[in-house]
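Trainee: Sequence unavailable; structure follows:
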């Protein structure tokens, strides 16, 4: 069994980690189609590590709002060569998948972390697989697949409800044999959440850290940032900031997440976030003196 704390170098694990994103997809909202060949995707992952990523998350299925699922064989075809290539180069690789077979094959290829955005709900075999493998697992808050998730945004209290529903997934994982030391939780920004609900969850990140489990924050380039940064253009048009122009705002979220005690942030561009987490680490050291 590999505890989350043992995934990366102990020196790095004392601060908020930076997880770089490699989407091997044609249709992801931010960078779909940019890294579709295995060679390009591996090169991208190595570039993220050179920029300061502590680990790299490889995904072959888009989970943007409205996305339809691909078949398992296609997901395997996209993901496995990239996982294998990065792991062979010494990169700590996470596989972003909701399918137990993809997770199993990726772990065999060298992945060391399973990042399941469904929190183990999409595939009942996922948690038993993780328990048997001993690998760490990210459990994200999730209410439904991408084609309908934005119809599932009704909450009595978004923070209380997400905390409760995440705890239920943690309990299910433990019941399946997953050790608590293997579990990371993710509040699921953008998944069955409105823009305002995302901000409410971000303001309450300290409450997720209080669960006593590592917390992953994945806000990078998401739509609520584009909405915040929107501006009125010529002719009265309202222009939402496009994904590739949201990296400065993403780095700001990284700073706030690190200060709130997040275990890691998941980002598309690494350099600014790698700097941000080190700034927060240095300030925390000074406060502790």
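Mentor: Received the coordinates, thanks. A quick note: this is a predicted structure, and the numbers were derived from the prediction, not measured.
Trainee: any chance you could map the strands in the stretch 151-289 of the chain?
Mentor: 183-186, 216-217, 231-232, 238-239, 264-267 (DSSP state E, counting those that start in this stretch).
Trainee: Put together a markdown table for those strands, with mean neighbour count, distance to residue 100 and mean pLDDT on each row.
Mentor: For the C-beta atoms, the positions are set from N, CA and C on the backbone; glycine is no exception. Shown next, in a markdown table, are the strands of the stretch 151-289 of the chain (neighbours: other C-beta atoms under 10 Å; distance: least, C-beta to C-beta, whole Å; pLDDT from 0 to 100):
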| stretch | mean neighbour count | distance to residue 100 | mean pLDDT |
| --- | --- | --- | --- |
| strand 183-186 | 24 | 17 | 98 |
| strand 216-217 | 26 | 20 | 98 |
| strand 231-232 | 9 | 44 | 70 |
| strand 238-239 | 10 | 42 | 74 |
| strand 264-267 | 28 | 21 | 98 |
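Trainee: And those strands: which comes nearest residue 103?
Mentor: With C-beta to C-beta as the measure, strand 183-186 is the member of the strands of the stretch 151-289 of the chain nearest residue 103 (14.5 Å).
Trainee: Just give the closest residue to residue 19, not the sequence neighbours.
Mentor: Distance criterion C-beta to C-beta, 6 or more residues apart in numbering; nearest residue to residue 19, sequence neighbours excluded, is residue 266 at 4.4 Å.
Trainee: if I look at the one you found, how far off is residue 200?
Mentor: 20 Å (C-beta to C-beta, to the nearest Å).
Trainee: can you list the residues that contact the helix or strand hosting residue 83?
Mentor: For residue 83, the element it lies in under DSSP states H and E is helix 72-88. For helix 72-88, the surrounding residues in contact (C-beta atoms under 8 Å, 6 or more residues apart in numbering) are 22, 24-25, 36, 38-39, 41-42, 45-46, 56, 58-61, 93, 95, 97, 99, 101-102, 105-106, 109-112.
Trainee: Please apply the same query to stretch 190-204.
Mentor: 63, 65, 117, 140-144, 149-150, 152-153, 155, 158-159, 162, 187, 189, 217-219, 222-224, 227-228, 253, 256-257.
Trainee: So how do I select the buried members of these in ChimeraX?
Mentor: To isolate the buried ones among the contacts of stretch 190-204 in ChimeraX, judged by 16 or more other C-beta atoms under 10 Å, type:
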select :63,117,140,141,142,143,149,150,155,158,159,162,187,189,217,218,219,222,223,224,253,256,257
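Trainee: Please enumerate the helices of the stretch 1-150 of the chain.
Mentor: With DSSP state H, counting those that start in this stretch, the ranges of helices along the stretch 1-150 of the chain come out as 38-50, 72-88, 100-108, 126-133.
Trainee: how about those helices, which one is nearest residue 280?
Mentor: helix 38-50 (19.8 Å).
Trainee: Report the buried residues of the closest one.
Mentor: Buried residues in helix 38-50 (16+ other C-beta under 10 Å): 38, 41-42, 44-46, 48-49.
Trainee: what helices or strands is that helix leaning on?
Mentor: Applying 3 or more C-beta pairs under 8 Å, 6 or more residues apart in numbering; DSSP states H and E, one finds that helix 38-50 makes contact with strand 17-23, strand 55-59, helix 72-88.
Trainee: Make JSON lines out of the ones you listed and add distance to residue 239, mean pLDDT and mean neighbour count.
Mentor: Formatted as JSON lines, those follow (distance: least, C-beta to C-beta, whole Å; pLDDT from 0 to 100; neighbours: other C-beta atoms under 10 Å):
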{"stretch": "strand 17-23", "distance to residue 239": "24", "mean pLDDT": "96", "mean neighbour count": "28"}
{"stretch": "strand 55-59", "distance to residue 239": "28", "mean pLDDT": "97", "mean neighbour count": "27"}
{"stretch": "helix 72-88", "distance to residue 239": "32", "mean pLDDT": "96", "mean neighbour count": "20"}
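Trainee: between these, which gets nearest to residue 241?
Mentor: Comparing these by C-beta to C-beta, strand 17-23 comes nearest, at 18.6 Å.
Trainee: what's the closest one packed up against?
Mentor: Strand 17-23 packs on helix 38-50, strand 55-59, strand 264-267, helix 271-288, going by 3+ C-beta pairs under 8 Å, 6+ apart.
Trainee: so that strand versus strand 55-59, what angle?
Mentor: 30 degrees (axes from the mean of the first three to the mean of the last three C-alpha atoms, to 10 degrees).
Trainee: How far does strand 17-23 sit from its chain's centre?
Mentor: Distance, stretch centre to chain centre, for strand 17-23: 8 Å (C-alpha atoms, centre = their mean, to the nearest Å).
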